[in-house]
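K.L.:
Build the 3D model from these lines:
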Amino acid sequence: MSGRPEKTGSRRLFALGALAALASMQAAGATLAVTVHQRDGHPLSGAVVTVEALSPALAPPAPVEAIMDQVQLEFVPDVLIVPVRSTVLFPNSDAVSHQVYSFSNARRYQLPLYRGKAHPPITFDQTGVVTLGCNIHDNMLAYIVVTDAPFFGRTGKDGAFGAGDVPTGRYRLRVWHPSINEPEVERVVEVSGDRASFEIALTRDLHPAPLTGRPHSWDY
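P.N.:
The predicted structure is shown next:
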């Protein structure tokens, strides 16, 4: 009799392990691949892609603490993507003073002339694109994209963006780039299976680059 309970226990452990493995397989989502093309068919690099969950609803990403530095009269990075309610610190690592400001609807603010870490972090509690400038140096430009989408990122030189473990459901793909010349670039898609691939093509030519004379991550 002593051996029978051990055998039964082993079977139960095996069954529980199999169920856990099956649940894990079912929970694993798809690999999402999005490619963005310009009107002429060339890939659009440096574009921000957000993947908003329509059904089922997914929790927004957790807020983060991010840094937007100022180095050699440039914002670093020149494009920053943060979840809504994140905080961003604006240190000035230059030897000269800067006066950072934004008049964007998603977040309006102005940091008086400073160097170093003179100001506390700023909270970005509304979604949208925040354009940054410096009142002293007109050639400084950057963007903060604030999103509540559970998946987001930027396209590479090949115009591609990817995300993993995307649950089955309906999503809205949005594309933003400082040179896009159309009101909204978005597409509602269905994601299922192990892999879902989509292509988004712009319908208008791009605006000229917002800044020239030095490389930026949005250059195409």
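
K.L.:
mind showing which ranges of this structure have poor pLDDT?
P.N.:
Residues of the chain meeting the criterion pLDDT under 70: 1-27.

K.L.:
Residue 131 and residue 102 touch, don't they?
P.N.:
Yes - counting by CB atoms under 8 Å, residue 131 does reach residue 102; the two are 6.1 Å apart. Backbone N, C-alpha and C define where each C-beta goes, glycine included.

K.L.:
quick one, which of the two is more surrounded?
P.N.:
residue 102 (19 against 16; other CB atoms under 10 Å).

K.L.:
Can you tell me the number of residues neighbouring residue 217?
P.N.:
12.

K.L.:
now residue 112
P.N.:
Residues within reach of residue 112, counting by other CB under 10 Å, total 11.

K.L.:
again, but for residue 192
P.N.:
12.

K.L.:
Equivalent analysis for residue 202, please.
P.N.:
With other CB under 10 Å as criterion, residue 202 counts 20.

K.L.:
so it touches residue 41, yeah?
P.N.:
No - look at residue 202 against residue 41 with CB under 8 Å: they stay out of range, at 10.0 Å.

K.L.:
State the distance from residue 134 to residue 123.
P.N.:
Distance of residue 134 to residue 123, given as CB to CB, to the nearest Å: 21 Å.

K.L.:
With neighbour numbers in mind, choose between these two.
P.N.:
Relative neighbour count places residue 134 above the other of residue 134 and residue 123, with 22 against 13, counting by other CB under 10 Å.

K.L.:
contacting residues around the residue nearest to residue 67 when sequence neighbours are not counted?
P.N.:
Nearest residue to residue 67, sequence neighbours excluded (CB to CB, 6 or more residues apart in numbering): residue 89, at 5.1 Å. Contact analysis of residue 89 by CB atoms under 8 Å, 6 or more residues apart in numbering lists 65-68, 117, 120-121.

K.L.:
most surrounded residue in these?
P.N.:
With neighbours taken as other CB under 10 Å, the top of the contacts of residue 89 is residue 68, carrying 21 neighbours.

K.L.:
wait, that residue sits on residue 78?
P.N.:
No - applying CB under 8 Å, one finds residue 68 not in contact with residue 78, separated by 9.2 Å.

K.L.:
Mutual contacts of the two, please.
P.N.:
Taking CB under 8 Å, 6+ apart as the contact rule, residue 68 and residue 78 both touch residue 142.
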